[in-house]
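Colleague: Structure of the sequence below:
(2 chains)
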Amino acid sequence: MYSEDDLLPLSALQHYLFCKRQCALIHVEQQWVENLFTAEGRIMHERVDQSGGETRGGLRIDHGLPLRSLRLGLIGKADVVEFHRQEDGNWIPFPVEYKRGKTKKENWDKVQLCAQAICLEEMLGASVPEGALFYGRNRRRLLVGFDELLRAETESTAMSLHKLVASGKTPRPVYTKLCDSCSFVDVCRPKTLEKRKRIDEYLFRL
Amino acid sequence: MKKHLNTLFVTTQGAYLAKEGETVTVKVDGTVKLQIPVHTLDGIVCFGQVSCSPYLMGFCAEKDVTISFLTEYGRFLARVQGPVSGNVLLRREQYRRADDRESSAAVARSVLAGKISNSRTLLQRALRDHGEKIETNDLQSVVDRLNAILMHVQNERELDRLRGYEGEAANLYFSVFDHLITAQKDSFYFRQRNRRPPLDRVNCLLSFIYTLVMHDIRSALECTGLDPAVGFLHRDRPGRPGLALDLMEEFRPYIADRMTLTLINLMQVKDKGFEIKSSGAVLMDDETRKKVLVAYQKRKQDEITHPFLKEKMPLGLLFYTQALMFARYLRGDLEGYPAFIWR
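Modeller: The predicted structure follows:
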């Protein structure tokens, strides 16, 4: 169990899975660089969060719901949580996360959503079997079941994330194609700093 | 131990500061209200709509007098600094001491003594003022145990054990905090301290007021040239203002906890001013937030006598005074840091 002091943002899971160095730049070095993609995402989330709650029939919808899990050591907000009424009168929480882009082949978004589900389970004492990702680009909802495999991946990602932040060290960069779309590329300098360049060689070439 | 008195705080809205010879003049509506020789000043702190002539800024920079600009509410905006400043020496001393466990423990001992003593005073005052309305036995036994912990703290030299005492004292104190709520008990109750997110209205109020105090202390530290991020009791963590949190400890009971209780007990906040989300998180609405801000600003104008300096000052200047004394302590003018003790 983590203490309230040790909680890290839910979104850091994504940063961690995308790139450990980017994750450290944000969560250890406290840097933030915005580009078109991050700005679009931020504005979309602000819009989603602002709308309040509503109820119709067997469905209740909450926006911008504060979440936290002391077990995973995470804190954040759910864009949307739907509560589906069951025949026995119980409500089952169903988190929906909005993403500006399109469906990814990696598990990143699913892990973040699963972490939200684990937060909801911890806070409400209910079980949360599934949720959905809504992608802005193709306007499609992807149903995500929280099976053992995804839960295990979520837990181990949260653990590695805490380890990285606790170390206080930024991993060295490794240049990949992903770097070209990363807003941190100018801060990170992956191509220059990837190889350990000899500084004395550089200086003596003058 | 003299210099800390020589900080000029300008709170009059619309005031204009200018250089005249070797002095600083403060003009309000075109007339000179105050004129001070610059060599008697350590710093100038301007709140809100206060302006300074560029000549004064340059002159102060030359004379090593820091000018800081804060909002009317005390949030740090900017600082004017000359090319050479003594602050780097102060900060280096702060880092050296923070790296040293024994020195860290000395600071921790002082701020915790302040915090625990002030928590105890809050409970004692409740016993004295509302003895007929509240659970006196529980309260009295916590007061007695806090006394015992306070004695241990004063004799403890080991940082981790000090942190242990702090946890114990906080648990004890918060275990009876609910007894101090004497009105609206159906909607304002306190079971335990939680904040990320707050799970009841009382925690929501506490967290918000702690944030206000933290911002003010951070500003005060910035003005003094200290690094708010490097703490002694609080370990370094990215994004966390460790020293601000250290110096805040003594003010939690005295300012924030007491204000929370007043707002509830005098029914200045109502249950409807809070939104309870379906995950159990509690948020304050805009109107309640405004009420709390106004109450906080008003509180800062209350005049108090500083327990160490024996000097009258508005409560809002306490943060700066404590920060200045912390700096004097680091510079060797004081043997220890005199935490604010509420009497």
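Colleague: Nearest to chain B: which residue in chain A?
Modeller: At 3.8 Å from chain B, A:Pro66 is the closest residue in chain A, using CB to the nearest CB. C-beta: built from backbone N, CA, C; applies to glycine.
Colleague: tell me the contacts of that residue?
Modeller: Contact analysis of A:Pro66 by CB atoms under 8 Å, 6 or more residues apart in numbering or on different chains lists A:Ile75, A:Gly76, A:Lys77, B:Pro197, B:Lys277, B:Ser279, B:Ala281, B:Leu283.
Colleague: The residues you listed in helices, which ones?
Modeller: Taking DSSP state H, every one of the contacts of A:Pro66 sits outside helices.
Colleague: would you turn those residues into JSON lines with pLDDT and distance to B:Asn171?
Modeller: Formatted as JSON lines, these follow (pLDDT from 0 to 100; distance: CB to CB, whole Å):
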{"residue": "A:Ile75", "pLDDT": "97", "distance to B:Asn171": "22"}
{"residue": "A:Gly76", "pLDDT": "95", "distance to B:Asn171": "27"}
{"residue": "A:Lys77", "pLDDT": "93", "distance to B:Asn171": "29"}
{"residue": "B:Pro197", "pLDDT": "94", "distance to B:Asn171": "21"}
{"residue": "B:Lys277", "pLDDT": "91", "distance to B:Asn171": "27"}
{"residue": "B:Ser279", "pLDDT": "90", "distance to B:Asn171": "25"}
{"residue": "B:Ala281", "pLDDT": "94", "distance to B:Asn171": "23"}
{"residue": "B:Leu283", "pLDDT": "92", "distance to B:Asn171": "26"}
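Colleague: just the residues you listed now: which is nearest A:Glu153?
Modeller: Ranked by distance to A:Glu153 (CB to CB), those are led by A:Gly76 at 17.8 Å.
Colleague: isn't the closest one right up against A:Ser11?
Modeller: Yes - checked against CB atoms under 8 Å, the pair A:Gly76 and A:Ser11 is within contact range at 6.2 Å.
Colleague: These two - which one has more neighbours?
Modeller: Neighbour comparison, A:Gly76 and A:Ser11: the larger count goes to A:Gly76, with 20 against 17 (by other CB atoms under 10 Å in any protein chain shown).
Colleague: Pretty sure A:Glu153 sits against A:Asn107.
Modeller: Yes - the pair A:Glu153 and A:Asn107 qualifies as a contact (CB under 8 Å) at a distance of 6.5 Å.
Colleague: any low-confidence regions in the stretch 51-200 of chain B?
Modeller: Within the stretch 51-200 of chain B, the ranges that satisfy pLDDT under 70 run B:82-86.
Colleague: What residues does chain A have near chain B?
Modeller: A:4, A:7, A:27-30, A:53, A:60, A:62, A:65-68, A:75, A:78, A:81, A:83, A:93, A:119-120, A:123-124, A:165, A:168 (CB under 8 Å from any CB of the partner chain).
Colleague: Now, of those, which are buried?
Modeller: The neighbour count (16 or more other CB atoms under 10 Å in any protein chain shown) marks A:7, A:27-28, A:60, A:62, A:65-68, A:75, A:78, A:81, A:83, A:93, A:119-120, A:123-124, A:165 as buried among the residues of chain A next to chain B.
Colleague: What about those, which are in helices?
Modeller: A:His27, A:Cys119, A:Leu120, A:Met123, A:Leu124, A:Val165.
Colleague: All the strands of chain A, residue numbers only.
Modeller: Secondary structure of chain A, counting by DSSP state E: strands at A:8-9, A:54-56, A:59-69, A:74-85, A:91-99, A:130-135, A:140-145.
Colleague: Tell me, how many residues neighbour residue 158?
Modeller: Let's take chain A. 24.
Colleague: not quite, I wanted chain B
Modeller: 12.
Colleague: can I assume it is in contact with B:Ala108?
Modeller: No - counting by CB under 8 Å, B:Glu158 stays clear of B:Ala108, with 9.8 Å between them.
Colleague: which residues does the nearest residue to A:Leu74 once chain neighbours are set aside contact?
Modeller: Of all residues not flanking A:Leu74 in the chain, A:Leu10 sits nearest, at 5.0 Å (CB to CB, 6 or more residues apart in numbering or on different chains). By CB under 8 Å, 6+ apart, the contact list for A:Leu10 reads A:Leu67, A:Leu74, A:Ile75, A:Gly76, A:Lys77, A:Gln112, A:Ala115, A:Gln116, A:Cys119.
Colleague: quick revisit: what does the model give the residue of chain A closest to chain B for pLDDT?
Modeller: A:Pro66 is assigned 94 on the pLDDT scale.
Colleague: With A:Thr170 instead?
Modeller: 93.
Colleague: Excluding residues flanking it in the chain, which one is nearest it?
Modeller: Closest to A:Thr170 by CB to CB, 6+ apart is A:Ala24, at 4.0 Å.
Colleague: how close does that neighbour get to A:Trp32?
Modeller: Applying CB to CB, to the nearest Å, the value for A:Ala24 to A:Trp32 is 13 Å.
Colleague: of these two, who's got more company?
Modeller: Using other CB under 10 Å as the criterion, A:Ala24 and A:Trp32 rank with A:Ala24 on top: 21 against 11.
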